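Student: Mind looking at a prediction? Sequence and model below.
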Amino acid sequence: MNIRRLRRAAVPYPPLLRAIPDPPAVLWLRGEAPPELLERASVAIVGARACSSYGRSVARTLGRELAAAGLVVVSGMARGVDSEAHRGALEAGGITVAVLGCGIDRDYPAAHRDLASRIVERGLIVSEYEAGVEPAPWRFPARNRIIAGLCTATVVVEARERSGALITADFALEDGREVMVVPGEITSSVSAGSNALLRLGATPVTAAADVLEAYGIERVVDLPEPPGGLAGRLFERLAESPASIDELARSSGTAPGDVAAALIELELTGRISEGDGVYRATISR
Amino acid sequence: MLPWPERHRITVNLAPAALRKEGSGFDLPIALALLAGSHQLPPARLLQHACVGELSLDGRVRPVAGTIAVAEGARRAGLTLLLCAAESAPEAALAGIDVVPVRHLAEAVAYLRGEEDIAFASPPGSDELEEPFLPDLAEVRGQERGRRALELAAAGEHNMLLAGPPGTGKTMLGRRLPGILPPLTREEALEVTRIHSVAGTLPMGRPIILTPPFRAPHHGASAAAIVGGGAVPRPGEASLAHRGVLLLDELPEFPRPVLESLRQPLEDGVVSVARVGGHALFPARFRLVATMNLCPCGGRGDPAADCGCSPQRISAYREKVSRALLDRFDLVVAMPRPRAEELAAPPGEASATVRARVVAARERLRDGDVLQRTEAASELLDRAVDRVPLSGRGRARVARVARTIAALAGADAVLPEHLAEALSYRSPVGVPVA
């Protein structure tokens, strides 16, 4: 494990982080990448751990498309939205940074050990805590100030009221950074906090392009041609609302086996995702 | 009137002594030996016969479990005649030995003395056997994907895991798998009958089992009850489901040791039970169908239910099923709750229609090398492995299911669309919720 220490006074200490009210005196880094990686244009993607499958797929898509456009995707490696954002970035072959609320040598939660090892292949894991420090609830809000501090903008995907993601958004606002929010269902408690941010004037995110616009980046990834035939019809149907294979089979008048086969093609090209038997579109076109 | 021998002491020697014996089936042979020893029967004639049966106090001969196994043992030992209770005679006749059915000890004595002739029992003809009632697939409305997976499971002999909220018909589907399996061949039927005879679970009036058995043990069952065991080893549910279907409802509720004990039969098709008195091998080649919810409260996947399970609890619930066991399921199907309109759907295809397709596909699958994977299909598989998490074993499972799909489609080769559908049955559950 390649672990290094970065003092606040050191030259490669990320300038954006140094600008926040209480930057950590020491930053521990894990991974092969140079510390200068943290100076690149970065975007935080944060949200609920117990997110909906909608939140999961949106986080994945944003992670993928923003990383593909060249942004470093920063998050907290927690379950739910955080890990999906990391995974999306990795899928795009992009760079992602995880900020931990525990010792730099810990993979927390343990279920994300594989994810951690993939993150450090090209990106970094960051913590203000030295090796051996146990995870503790009060360390996570402090960790969130680093996530917000490293990035020009923070994107919130599903946040409950009084949740950790809202704390990250608060830090970002205090630091004078952009806060952007993915609109959620108004009836869902997992979106209550994020929708409240929208009411307060946060920028709504309706596509990755909205985030890229804030960075002045033109969309660099061209979507593959829209699929034709059965796959195209199924995709149009899923763009309206999520559905199970049975529902798709009935609405398209096709055998469930053929529907499943067509859906895999859409899944492999990243247009749709599946969770617990329900398929949903991950991009709008 | 058969007088008790005028001896002070009678020794009954059950040789070889090292072999453990139990059961009431020795009543009749001991009684007959006693009579032959006291010259009330011609010993030479008795020695031509194998005997098994329990005696009631009034001398009636009662059937015992495992008579077919005894009959086969007798035949292998070179005997050509078996004396047994009339009730077990048709079953015993299947073993290819001449069976003398007797109702009473006196009848057996009269026969052995040559005073009475008894006609050999004939094995049951398949036409005189009552078809057991199997629930029909036509009763399942909607759930097209589940039905499709069930058909694949039957055609390709795949194990299947159905995951979804309660009340979506997971168990209902699983119970209908035996009805779409091809009927047992004669050898299979004998094998299955022998196991059930030994276990004493042969249904009354049905001396031979011709249809694939179905077993659904409760999750409170012990490992011994599931895979077999006991001081004198007995076949467990896994063996009783041999050549048929073992349904484990609410898979994560089964204790971990029970689930792990199923890995051997799933791998080898046999159960070995080691005991001080030696060890027993029971065949246990069954199709496993398991059901589970998507979360501990069961609400996940049901739009109408408000599932409050935390990610940790969901992970803990799904991790109760080990990776290793999960790897044994070729088909994993998430079954979200159908909407009301689906329940109003017309009845689906009947089991007999589906079974005809299954039989045809099995035939095609037996021609080993006909179903090769096309280059395009292999390319899709490689692309998928890059994109979705798929273990080495997972890759092999997808390839296997793709072959079954091609066989059902009547194709000459495994095409990309077959592989694509197979990919949709890879495991989405069991992996920790991210």
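Tutor: On my side now, so go ahead.
Student: hang on, residue A:27 is in a strand, isn't it?
Tutor: Yes: the assignment for residue A:27 is a strand, going by DSSP: H, G, I helix; E, B strand; the rest coil.
Student: and the gap between the residue lying closest to it once chain neighbours are set aside and residue A:143?
Tutor: Nearest non-adjacent residue to residue A:27, counting by C-beta to C-beta, 6 or more residues apart in numbering or on different chains: residue A:6, 4.4 Å away. The C-beta positions use only the backbone N, C-alpha and C, and glycine is treated the same way. In this view, residue A:6 and residue A:143 are 16 Å apart by C-beta to C-beta, to the nearest Å.
Student: Kindly report the same for residue A:136.
Tutor: Taking C-beta to C-beta, one finds residue A:136 at 11 Å from residue A:143.
Student: For burial, what's the neighbour tally of the residue in chain A that chain B sits nearest to?
Tutor: Closest to chain B within chain A is residue A:277: 2.8 Å, counting by C-beta to the nearest C-beta. Residue A:277 has 22 neighbouring residues, counting by other C-beta atoms under 10 Å in any protein chain shown.
Student: Break chain A down into its structural domains.
Tutor: Per automatic domain parsing, the structural domains of chain A span A:3-214, A:229-281.
Student: Quick check: which of these is nearest to residue B:347?
Tutor: domain A:229-281 (15.0 Å; C-beta to C-beta).
Student: Go ahead and name everything in contact with the helix or strand where residue B:400 lies.
Tutor: Using DSSP states H and E, the element containing residue B:400 is helix B:392-409. Contacts with helix B:392-409, where a contact means C-beta atoms under 8 Å, 6 or more residues apart in numbering or on different chains, come from A:257, B:151-152, B:155-156, B:158, B:327, B:330-331, B:357-358, B:361-362, B:364-365, B:371, B:373, B:377, B:381, B:384-385, B:390, B:413-415, B:418-419, B:421-423, B:425-427.
Student: In helices, which of the residues you listed appear?
Tutor: Among those, the ones falling in helices (DSSP state H) are A:257, B:151-152, B:155-156, B:357-358, B:361-362, B:364-365, B:377, B:381, B:384-385, B:418-419, B:421-423.
Student: If we ignore the residues flanking it in sequence, what's nearest the residue in the stretch 251-400 of chain B that chain A sits nearest to?
Tutor: Residue of the stretch 251-400 of chain B nearest chain A, by C-beta to the nearest C-beta: residue B:334 (2.8 Å). What sits nearest to residue B:334 in space, not counting adjacent residues and going by C-beta to C-beta, 6+ apart, is residue A:277, at 2.8 Å.
Student: mind listing what the one you found touches?
Tutor: Counting by C-beta under 8 Å, 6+ apart, residue A:277 makes contact with A:244, A:245, B:163, B:164, B:301, B:333, B:334, B:335, B:336, B:428.
Student: The lowest-mean-pLDDT helix or strand in chain A vs chain B: in contact?
Tutor: Least confident helix or strand of chain A, by mean pLDDT, DSSP states H and E, is strand A:272-275 with a mean of 83. Yes: using C-beta under 8 Å from any C-beta of the partner chain, strand A:272-275 reaches chain B at A:274, A:275.
Student: Can you show me the strands along the stretch 51-200 of chain A?
Tutor: Assigned by DSSP state E, counting those that start in this stretch, the strands in the stretch 51-200 of chain A fall at A:72-75, A:96-99, A:124-127, A:153-157, A:178-182.
Student: would you list the ones you listed in CSV and tack on mean neighbour count and mean pLDDT?
Tutor: As requested, those are exported to CSV (neighbours: other C-beta atoms under 10 Å in any protein chain shown; pLDDT from 0 to 100):
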stretch, mean neighbour count, mean pLDDT
strand A:72-75, 29, 96
strand A:96-99, 28, 96
strand A:124-127, 26, 96
strand A:153-157, 30, 96
strand A:178-182, 24, 95
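Student: Of the ones you listed, which is nearest residue A:82?
Tutor: strand A:72-75 (4.3 Å).
Student: residues in contact with that closest one?
Tutor: Here strand A:72-75 has contacts from A:37-38, A:40-46, A:63, A:66-67, A:81-83, A:85-86, A:88-89, A:94-99, A:123, A:147, A:150-151, using C-beta under 8 Å, 6+ apart.
Student: Keep the residues you listed, but drop any that are not near chain B.
Tutor: residue A:83.
Student: Where does the prediction get shaky in the stretch 151-285 of chain A?
Tutor: A:219-225, A:283-285 (pLDDT under 70).
Student: Need the per-residue pLDDT for the spatially closest residue to residue B:365 that is not a sequence neighbour.
Tutor: Nearest residue to residue B:365 in three dimensions, chain neighbours excluded: residue B:407, at 4.8 Å (C-beta to C-beta, 6+ apart). Note on residue B:407: pLDDT of 92.
Student: ditto for residue B:388
Tutor: 69.
Student: same question, the one 5 residues further on
Tutor: For residue B:393, the model assigns a pLDDT of 76.
Student: Ends of stretch A:34-54, what's the gap?
Tutor: 35 Å (C-alpha to C-alpha, to the nearest Å).
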